[in-house]
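Student: Provide a 3D model corresponding to the input given below.
(one chain, ligands or ions: 1)
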Amino acid sequence: LVASMEEVEQTYIMIKPDGVQRGLVGEIISRFERKGFKLTGLKLFQCPKELAEEHYKDLQSKPFFPKLIDYITSGPVVCMAWEGVGVVASARKLIGATNPLNAEPGTIRGDLAVQTGRNVVHGSDSPDNGKREIGLWFKEGELCAWAAALEPWLV
Ligand code: RTP
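Tutor: Numbering: from 1, shown residues only. Below is the predicted model of the structure:
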C-alpha cells in the first residue's frame, strides 16, 4: 500500500492577497495538512508584476487579465509547494470551482469566497504546471525535501 515514487506529484498552491488580508492563511494551510499532503515550500511574498504576468501568461488575451495582475500584486501572497500522490487533482478538488458561487460547500472557495475575481487561492492544473510554477515562484534552496520518519501515513 506504500506509493511508488513515480506516483508522487508536486503542486503549487498560492493563497492570494484577499486570503492573506482576510486572515485565512491558517485555515487554508490546515485543509491541505489535514488531507495528508506534505508541505515542501512556504513563504509570504510580495509578487512583482513581471512574475504575475509570467505565471498567468496563458490568460494574457483575456479581458480580465489586467485586473487579475492588479489583484495578484495588490498585497502579499503565500506561496506553497505541496507533495503527494495525486496532489494536483486532489488540491483542485479541495479548492473548488473557479467561480466560488459554483464551488461546492466543503471546498475552500465554496466555504470562504463569493467572487471569481477574489477567489482566495490558486492551485496548479497539471503535474507539468505544478513543476513549472514551483520553479517560477521558488528559488533553489527554498524547498525542503523532508521525510516523516515517525509518521508513516505521510509520503
Ligand atoms: P487559479 O489558476 O487561480 O487556480 O484559477 P483557475 O484555474 O480556477 O481559473 P483560471 O481560468 O486559470 O483563471 C485564473 C484566475 O483568474 C481570475 N479570473 N477572473 N472572469 C473573470 O473575471 C475571471 N476569470 C478568471 C480568477 O482569480 C482565477 O482564479
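Student: So which residues of the protein form strands?
Tutor: Assigned by DSSP state E, the strands in the chain fall at 8-15, 38-45, 77-85, 121-123.
Student: Burial check on G110, number of neighbours?
Tutor: 16 (other C-beta atoms under 10 Å). From N, CA and C alone the C-beta is placed, and that goes for glycine too.
Student: tell me the contacts of the residue nearest to G75 when sequence neighbours are not counted?
Tutor: Nearest non-adjacent residue to G75, counting by C-beta to C-beta, 6 or more residues apart in numbering: P17, 3.8 Å away. P17 sits next to Y71, I72, T73, S74, G75, P76, V77 when contact means C-beta atoms under 8 Å, 6 or more residues apart in numbering.
Student: for the residues you listed, which one is nearest the ligand?
Tutor: Checking the contacts of P17 against the ligand with C-beta to the nearest ligand atom, the nearest one is Y71 at 6.7 Å.
Student: For that closest one, the count of nearby residues, please.
Tutor: There are 17 residues near Y71, going by other C-beta under 10 Å.
Student: wait, it sits on G117?
Tutor: Yes: counting by C-beta atoms under 8 Å, Y71 touches G117, with 6.3 Å between them.
Student: got the residues of this structure near the ligand?
Tutor: L59, F64, L68, T98, T116, G117, N119, H122, G123, D125 (C-beta under 6 Å from any ligand atom).
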